[in-house]
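Asks: Pasting a predicted model and its sequence here:
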Amino acid sequence: MKALLTISDVWKTYGDSSVLNGISFHVNEGERVVIIGPSGCGKSTMLRCLNGLEEIQKGSIMLRRSNINSPAKDGKNIQQKIGMVFQNYELFPHLTILENITLAPRKVEHKRKWDAEKEALEYLKRIGLEGREHDYPRQLSGGQKQRVAIIRALCMHPEVMLFDEVTASLDPEMVHEVLQLLLELAKQNVTMVIVTHEMEFAKAVADRIIFMDEGIIVEQGTAKELFDTPKKERTKRFLKTFKYEL
C-alpha cells in the first residue's frame, strides 16, 4: 500500500505543557485508522495537527509530498484535501441545510450552484434526509445534523477524512445512525482517521487501531490484535474499562 499521510516524530506543546511527544505513524490510501485512548491523551490535538489547524513544534506531517506544517503551505488547499468533522457539527444556524452543504464548494472550489446543489441533494437522499434541504439546523436532531456535517465535508472531495468523536455529543439513540454512515464510507474505501470511544465501532471499522496515552503511541495493531492480545499493560488496563463482545 502507498502511504497517503506520513506523521514523523511530531511534538506539540502549549507553553510548558507537552501534549504530543514524538508521534510517528502513517495512513495508507483507503485505510481506516482508529485512534483510541483516555481523555486528555492528545487524540484530538493530533487530528487538529493533521489538517493544519494546530502548528507543531517539531517533526513533519506529509500529505503525499506536501509538508502540511511548512510555513509556505497553502492552508486552504490543505483543508480541502483533508476534511474534518467535529463533535459539535459546526453548522451555520442561519443557513439552510442545502446552503450549509454547498457553501464551501461554491466559494472555495468555485463550483456552479446547480452542480453543487445536485451533488448535495444526492447525498441527502443517500442519508435519508431527502426533502429536508430547506430546513435549518435547529429543525434537525443531533444525529441528522452530524450526518449533514459529514456529507458537507465529503462534498469537498478530500483525500483524507478526519473524525473527532463525532458521536460524543449525541444521545445513545442517535449514535447508531452516524456510525452506520461511517461504516458505509469504510466500504467505499474512503481514507479515514477516526478518534472514538465507541469500542465496538472501532473493531468494526478499523484496519488498524492506535492506542495513545500521555501524548505517545503506546501500542498499535489490527482490531483483533489489540482487543484479543494486547501486549502492553497500559493497553490492557484501558480495555478493561470497556465491556465488549467478541
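Replies: All right, it came through fine.
Asks: For this structure, which segments are assigned as helices?
Replies: Under the criterion DSSP state H, the chain contains helices at 43-50, 75-81, 97-107, 113-126, 142-154, 172-187, 199-205, 223-228, 233-239.
Asks: among the ones you listed, which is nearest Glu29?
Replies: In terms of CB to CB, the element of these nearest to Glu29 is helix 75-81, at 12.7 Å. Bear in mind the C-beta positions are built from the backbone N, C-alpha and C, glycine included.
Asks: what's the closest of the helices of the chain to Thr6?
Replies: Shortest distance between Thr6 and the helices of the chain, using CB to CB, is found for helix 43-50: 10.9 Å.
Asks: give me the low-pLDDT residue ranges for this protein?
Replies: For the chain, applying pLDDT under 70 flags the ranges 1, 70-79, 243-246.
Asks: related to what we said a few turns ago, take the helices of the chain and write them to CSV, including distance to Ile217 and mean neighbour count.
Replies: CSV is the format used below for the helices of the chain (distance: least, CB to CB, whole Å; neighbours: other CB atoms under 10 Å):
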stretch, distance to Ile217, mean neighbour count
helix 43-50, 10, 23
helix 75-81, 23, 16
helix 97-107, 32, 19
helix 113-126, 34, 15
helix 142-154, 26, 23
helix 172-187, 22, 16
helix 199-205, 15, 19
helix 223-228, 12, 16
helix 233-239, 11, 15
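Asks: Just put the ones you listed in TSV and tack on distance to Lys58.
Replies: Putting the helices of the chain into TSV (distance: least, CB to CB, whole Å) gives the following:
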stretch	distance to Lys58
helix 43-50	11
helix 75-81	19
helix 97-107	32
helix 113-126	39
helix 142-154	29
helix 172-187	32
helix 199-205	29
helix 223-228	27
helix 233-239	24
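Asks: So which of the ones you listed is nearest Ser66?
Replies: Smallest distance to Ser66 across the helices of the chain (CB to CB): 7.5 Å, for helix 75-81.
Asks: How about the contacts made by Arg106?
Replies: Taking CB atoms under 8 Å, 6 or more residues apart in numbering, we find Arg106 in contact with Arg112, Lys113, Ala116.
Asks: ok, of those, which one's closest to Ser39?
Replies: Ala116 (37.6 Å).
Asks: And that closest one, how far from Gly128?
Replies: For Ala116, the distance to Gly128 (CB to CB, to the nearest Å) stands at 21 Å.
Asks: Also Thr13?
Replies: Taking CB to CB, one finds Thr13 at 43 Å from Gly128.
Asks: same question, Cys155
Replies: Remark: distance between Cys155 and Gly128 (CB to CB) = 17 Å.
Asks: more crowded one of those two?
Replies: Applying other CB atoms under 10 Å to Cys155 and Gly128 shows that Cys155 carries more neighbours, namely 21 against 12.
Asks: wait, what's in contact with the residue nearest to that one when sequence neighbours are not counted?
Replies: The shortest distance from Cys155 to any non-neighbouring residue, by CB to CB, 6 or more residues apart in numbering, is to Pro105 (5.4 Å). If you count contacts by CB under 8 Å, 6+ apart, Pro105 has them with Lys111, Ala116, Glu119, Cys155, Met156.
Asks: The last one and Gly83 touch, don't they?
Replies: Meaning Met156. Yes: look at Met156 against Gly83 with CB atoms under 8 Å: they come within range, at 5.8 Å.
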